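1. please work out how this folds:
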Amino acid sequence: MTDILQTPSGSTSKQKRISELLLVITTILWGTTFIITNTVTQVVPPMFYMGVRYLIGFLAFLPFLAHLKRIDKKQLKIAFIASFLVWASFALQTIGIKLTTATKSAFITGLNVIMVPIFIAIFYKKKVPVKIWISTVLALLGVSIMTFGGFDSIELGDILVLICDVFYALYIIYLDNNLKHVDTIGFSIILVFLLSFCSFIVSFIFEPIDQIFGDLSSQIFTLGNLWIMLYMGVVATMIATLTQTFGQRHVNSTRTAIIFALEPLFATFFAVLGNESLNWQTIIGGIIIILGIFISIERAKPIDGPIDLNGPQITQEE
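-> Numbers count the residues shown, from 1 in each chain. Here you go, the predicted model:
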């Protein structure tokens, strides 16, 4: 038995340092994706974009397909549930980013850090610490300042990204509870395959596929877009998935949350490099959100309550 917020047992200080570095790299890679997604989805339909991105990520994993032999029925079930949660999150985020700015979506995405301890408290019927409620109020205030210039200006993209936070918070909790039971690379291969498969299915049903391969093909399949897709598939998907899953094996949830809270800052940095403008409303709201996030995780204490981790831990060859 182990608590979801406690330091993983059996991890050496060297493993923890390396894992923290991997999570920082993950956060930087994630930060690059907001401005890229915002730009590309103005031309490429969001679900088709996700399908291609994760298909490329899956193809990048082909040299590691032997790891699938280590996946049993239990691990396959874990991968399917995790894939549904993260696909719902990424789908809502991708569509949301298209409909709002990269900077605003990044700060709103950061709110999943606050949702994690709240959901843990709800699921395991524990009292939510006062500082979590303070953080929530600050975060909502920041979102209001940054996003709402009056109720007529509420953007659908902001709401979709906020809903995406719910699914991603659930994904983090589920991953924390089950990651020790899976072969990391095999799990990652199944994850990106299912992300691509689900995205293509939804794209074929709801998006104008005849136009994607017809009238819009000259705008979608440009050399520039193909290079972007290659980066998003190999670097921002395959490499980021591995750095995250390997990193979270030896870092507790609280420390992980601190590192992931830097994502909006990296995203804003890359958005500005991409010529996205900032106004004072966005800056002030973003600062308040970051303040709320760090209050929620600073010197965080574990929320008591054992979580059943059934089954033997799989030793990952590294």
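2. quick one: contacts for the residue lying closest to S135 once chain neighbours are set aside?
-> In this structure, S135 finds its nearest non-sequential neighbour in S296, 3.6 Å apart by C-beta to C-beta, 6 or more residues apart in numbering. For the C-beta atoms, the positions are set from N, CA and C on the backbone; glycine is no exception. By C-beta atoms under 8 Å, 6 or more residues apart in numbering, the contact set of S296 is 113-114, 117, 131-132, 135-136, 257.
3. do that again at 7 Å, thanks
-> Counting by C-beta atoms under 7 Å, 6 or more residues apart in numbering, S296 makes contact with 113-114, 117, 131-132, 135.
4. same question for Q244.
-> Q244 touches 23, 26, counting by C-beta under 7 Å, 6+ apart.
5. name the element it belongs to?
-> Secondary structure from DSSP states H and E places Q244 in helix 240-247.
6. widest-spaced pair of the contacts of S296?
-> V113 and K131 (12.9 Å; C-beta to C-beta).
7. which one of these two has more residues nearby?
-> V113 (30 against 17; other C-beta atoms under 10 Å).
8. the more buried one touches I295, doesn't it?
-> No - with contact defined as C-beta atoms under 7 Å, V113 does not reach I295; the gap is 10.7 Å.
9. list the contacts for C164?
-> 89, 92-93, 96.
10. equivalent analysis for T245, please.
-> T245 neighbours (C-beta under 7 Å, 6+ apart): 179, 184, 187-188.
11. if you look at those, which of them are in helices?
-> 184, 187-188 (DSSP state H).
12. closest to E155 among these?
-> Nearest member of the ones in helices among the contacts of T245 to E155, counting by C-beta to C-beta, is S188, at 33.0 Å.
13. I'd assumed I239 was in contact with that closest one.
-> No - counting by C-beta under 7 Å, S188 sits too far from I239 to count as a contact (10.3 Å).
14. so which of those two has more stuff around it?
-> Counted by other C-beta under 10 Å, S188 and I239 do not tie: S188 has more neighbours, with 24 against 16.
15. quick one: contacts for that one?
-> S188 neighbours (C-beta under 7 Å, 6+ apart): 61, 241-242, 245.
16. now it. Nearest residue, chain neighbours left out?
-> T241 (4.7 Å).
17. quick check: pLDDT value at the one you found.
-> Listed pLDDT for T241 reads 84.
18. surely it and F193 touch.
-> No - checked against C-beta under 7 Å, the pair T241 and F193 is beyond contact range at 11.4 Å.
19. ok, these two, which is more surrounded?
-> Using other C-beta under 10 Å, the more surrounded residue of T241 and F193 is T241, with 25 against 19.
20. enumerate every residue touching the more buried one.
-> Applying C-beta under 7 Å, 6+ apart, the residues contacting T241 are 188, 191-192.
21. need these in CSV (columns: distance to G286).
-> Listed next are the contacts of T241 as CSV, based on distance: C-beta to C-beta, whole Å:
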residue, distance to G286
S188, 31
L191, 30
V192, 30
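22. what's whichever strand or helix holds L55 packed up against?
-> Assigning secondary structure by DSSP H and E places L55 in helix 46-60. Judged by 3 or more C-beta pairs under 7 Å, 6 or more residues apart in numbering; DSSP states H and E, the packing partners of helix 46-60 are helix 73-99, helix 184-206, helix 223-233.
23. low pLDDT regions in the protein?
-> Residues of the chain meeting the criterion pLDDT under 70: 1-11, 146-154, 253-254, 257, 297-318.
24. specify the local secondary structure of the most centrally placed residue in it.
-> Centroid-nearest residue in the chain, with C-alpha atoms, centre = their mean: Y168, separated by 6.1 Å. What DSSP: H, G, I helix; E, B strand; the rest coil gives for Y168 is helix.
25. H250 contacts S13, doesn't it?
-> No - the criterion here is C-beta under 7 Å, and H250 misses it with S13 at 9.7 Å.
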